[in-house]
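Novice: For reference, the sequence and a predicted model appear below.
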Amino acid sequence: MSDISMPKPTRAHAEKRHALAPGPDEAFGAFSKAVFATGALDARTKQLIAVAVAHVTQCPWCIEGHVKAARREGATSAAIMEAIWVAAEMRAGAAFAHSIKALDLIEDPVAP
């Protein structure tokens with residue numbers, strides 16, 4: 001069976017990414033810092049949103065990083081799990097909402 005584990009990001013990866021495209025790398029870092037700075041939402045809330053989104057986008061690195069960041073910002077295990085359940089409901093809700101396309105199609109007569 002093949003190994004489906006995800007590689008761990010390393011300092012070498014970060015340095016190579018920066019060397020290959022320093023401008024975008026620096027811009028992304030500044031953007032990330034600005035996004036997660038306290039504003040209308042506190043940092044804990046932003047990290048809980050990120051935990052939920054990371055589960056919807058299915059990014060294992062994002063899940064790891066944002067769960068750890070949420071914990072650093074004071075999120076409880078229960079709050080993190082609730083954020084994940086919100087993500088699950090939203091993902092399932094989208095499938096439910098999109099079922100109207102199938103409902104419309106199944107009413108059409110089958111083409112020969």
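Specialist: In hand now; what should we look at?
Novice: From the contact counts, what lies against the longest helix anywhere in the chain?
Specialist: Secondary structure of the chain per DSSP state H: the longest helix is helix 77-107. Under the contact definition 3 or more CB pairs under 8 Å, 6 or more residues apart in numbering; DSSP states H and E, helix 77-107 sits against helix 43-57, helix 60-72. All C-beta spots, glycine's among them, are computed from the backbone N, C-alpha and C.
Novice: can you pull the buried residues of the last one?
Specialist: This points to helix 60-72. 63, 65-67, 69-71 (16 or more other CB atoms under 10 Å).
Novice: Please work out the average pLDDT along the longest helix of the chain.
Specialist: The average pLDDT within helix 77-107 is 93.
Novice: Could you check the angle it makes with helix 60-72?
Specialist: 140 degrees (axes from the mean of the first three to the mean of the last three CA atoms, to 10 degrees).
Novice: Share the number of residues neighbouring Glu82, please.
Specialist: The local packing of Glu82 (other CB atoms under 10 Å) involves 15 other residues.
Novice: I meant to write Thr76 there.
Specialist: Using other CB under 10 Å, Thr76 is surrounded by 11 other residues.
Novice: for Val51, same thing?
Specialist: 27.
Novice: quick one: it from Ser77, how far?
Specialist: According to CB to CB, to the nearest Å, Val51 and Ser77 sit 11 Å apart.
Novice: swap in Thr10?
Specialist: 28 Å.
Novice: returning to what we had before: need the overlap of contacts for Val51 and Ser77.
Specialist: Overlap of the contact sets of Val51 and Ser77 (by CB atoms under 8 Å, 6 or more residues apart in numbering) is empty.
Novice: So what does Lys8 have for phi and psi?
Specialist: Dihedral pair for Lys8: phi -80, psi 130, per degrees, to the nearest 10.
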